[in-house]
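Peer 1: Sequence and predicted structure are below.
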Amino acid sequence: MEMKTKIAAEDGKQEMVITREFDLPLELLFRAYTDLEIVEEWMTSKVVKLENRKGGSYQLEKKDDKGNVVFAAGGVIHEFIPERKITRTFEMANAPAGVQLEIYQFERLSDDKSKLRMHVIYESTAQRDQVMQWGFSQGINMAHDRLQAAVAGKVK
Amino acid sequence: MNLRRDVFQAIADPTRRAILLLVASQAMTAGAIASNFDTARPTVSKHLAILTECELLSQEQNGREIYYHFNARKMKEVADFIEPFRQMWEDRFNKIETIMKKFKTK
């Protein structure tokens, strides 16, 4: 499979850069990050608040069937330049990951191709590495979900 | 067959990741592992051989049975877990792409 997503995370640094090229016009890529309902769809979380402006804030929340909050996160938007740049903080509730700074840069490549560059800065190297390890366990869970879906005949 | 494989190749496969997930919770026999999959038993055996070869799993004889154990230390060596993390983002971005393509107007 083609590797469209690239991650640069040098040893001993407290940051990482994630880049991805999309088969989407810049306008649609930017909309995926700023339209409340669309963010809900791909984050599979409720977007309680999404204020797309400097000084605005956002809040995500996910509940289980019984209504217990299983995931909550949010932050403040520091910079909002339509179809170019979003700078925001991100903090997960009830997780020892601290606050991270996220700089999203959106770039037009052609009429129907665009690129996202996410620069994420953590409080420490240890925190960055911790987040990457969670990614690992989440990845393994997603693999498991996909497997179950495959068994159920939904995929492939 | 050459079984010397790259660890990344080993964990890139969804079935093998699911096997690791299973065995990470408790040591299991090949039969018990295979019973969790809708895949032919020899296929599961092949996956187990690959995972054992790159030391993500280890075998331990217990009476007549051979149990597979998860080797967490080896897993930690896997380049700071970057590949599964990348895969997680890839999945998320693919989802965005699929959703947004619906809005494309020709």
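Peer 2: Great, that's in hand. Residues are numbered from 1 along each chain as shown, chains lettered A, B, ... in the order given.

Peer 1: right, and the secondary structure at residue B:36 would be what?
Peer 2: coil (DSSP: H, G, I helix; E, B strand; the rest coil).

Peer 1: what's around the nearest residue to it once chain neighbours are set aside, how many residues?
Peer 2: Closest residue to residue B:36 apart from its sequence neighbours, by CB to CB, 6 or more residues apart in numbering or on different chains: residue B:22 at 5.9 Å. Every C-beta, even on glycine, is put in place using the N, C-alpha and C of the backbone. The tally of other residues near residue B:22 (other CB atoms under 10 Å in any protein chain shown) stands at 17.

Peer 1: those strands in the chain, which residues are they?
Peer 2: No chain in the question, so chain A it is. A:5-8, A:15-22, A:46-50, A:57-63, A:69-81, A:85-92, A:99-110, A:113-121 (DSSP state E).

Peer 1: looking at chain B here, not the other one
Peer 2: Going by DSSP E, chain B shows strands at B:28-29, B:57-62, B:65-70.

Peer 1: Run the angle between the second one and strand B:65-70 for me.
Peer 2: Spelled out, it's strand B:57-62. Between strand B:57-62 and strand B:65-70, the angle comes out at 150 degrees (axes from the mean of the first three to the mean of the last three CA atoms, to 10 degrees).

Peer 1: Tell me the buried residues in strand B:57-62?
Peer 2: residue B:57 (16 or more other CB atoms under 10 Å in any protein chain shown).

Peer 1: got the buried residues for stretch B:89-103?
Peer 2: Buried, per 16+ other CB under 10 Å, within stretch B:89-103: B:89, B:90, B:92, B:93, B:96, B:97, B:99, B:100.

Peer 1: and those residues as CSV, adding pLDDT and distance to chain A?
Peer 2: Below are these laid out as CSV (pLDDT from 0 to 100; distance: CB to the nearest CB, whole Å):
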residue, pLDDT, distance to chain A
B:89, 89, 5
B:90, 89, 4
B:92, 92, 7
B:93, 95, 5
B:96, 95, 5
B:97, 95, 5
B:99, 95, 6
B:100, 95, 4
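
Peer 1: So for chain B, which residue is the most central one in space?
Peer 2: Nearest to the mean C-alpha position of chain B, by CA atoms, centre = their mean, lies residue B:17 at 2.0 Å.

Peer 1: hey, least reliable of the strands of chain A by pLDDT?
Peer 2: Note on the strands of chain A: strand A:5-8 shows the lowest mean pLDDT, a mean of 88.

Peer 1: ok and the longest helix anywhere in chain B relative to strand A:15-22, angle-wise?
Peer 2: Using DSSP state H to define each element, chain B has its longest helix at helix B:82-101. For helix B:82-101 against strand A:15-22, the angle by the same axes, to 10 degrees is 40 degrees.

Peer 1: what's the closest non-adjacent residue to the residue positioned nearest the centre of chain A?
Peer 2: Residue closest to the mean C-alpha point of chain A, counted by CA atoms, centre = their mean, is residue A:43 at 7.8 Å. Spatial nearest neighbour of residue A:43, excluding adjacent residues (CB to CB, 6+ apart): residue A:60 at 6.2 Å.
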